[in-house]
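Trainee: structure, please.
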Amino acid sequence: MIEYKINDDIKPGELDNFFQGWKSPPSIEIKEKLIDGSDLIITARENSMLVGFLTAISDGAMHAFISLVEVLETHQSKGIGSHLIERAVDYFKGYYDIVLMTDKDKGAFYKKFGFDEIYGMHIRDFKYRLNPSPLVGEGKGEGE
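Mentor: Predicted structure coming up:
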């Protein structure tokens, strides 16, 4: 039986079996940061083993961004990803926007939950910079 939890603790080492097939899988340091920086984490566990998870960030009022939905290859096509998305959509119910980005071939999956295609832009960096841009925090000086 799969057990789902909202804001369950994930140890970075538990993510070692995820990100298979990624062009540049995240390092342990990046995994730690993605866990620590998430406003919402939903886990799917089978016999205490992490078999799927979802992470999201939000402003806490109007906008939420689902950043990752990952299910172990051995557990795909069993409804786990669907349960993770349903719980996230329910969690952010009433928000103006719930956004996610996905590969084109996965769009039909997300449409089942009410997601629509939108126009968007992004910068993808396969090197996963650990240090933030030197511009982070710029403009937040005195008088602002």
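Trainee: return the set of buried residues in stretch 95-114.
Mentor: Residues Y95, I98, L100, Y110 are the ones in stretch 95-114 that count as buried (16 or more other Cβ atoms under 10 Å). C-betas here are computed from N, CA, C, even on glycine.
Trainee: from the residues you listed, which is closest to V71?
Mentor: Y110 (13.8 Å; Cβ to Cβ).
Trainee: and for that closest one, nearest residue in space, chain neighbours not counted?
Mentor: Nearest residue to Y110, sequence neighbours excluded (Cβ to Cβ, 6 or more residues apart in numbering): T102, at 6.1 Å.
Trainee: I'd say that neighbour and K111 touch.
Mentor: No: the criterion here is Cβ atoms under 8 Å, and T102 misses it with K111 at 10.5 Å.
Trainee: what segments of the chain are strands?
Mentor: 2-6, 40-46, 49-58, 63-71, 97-100 (DSSP state E).
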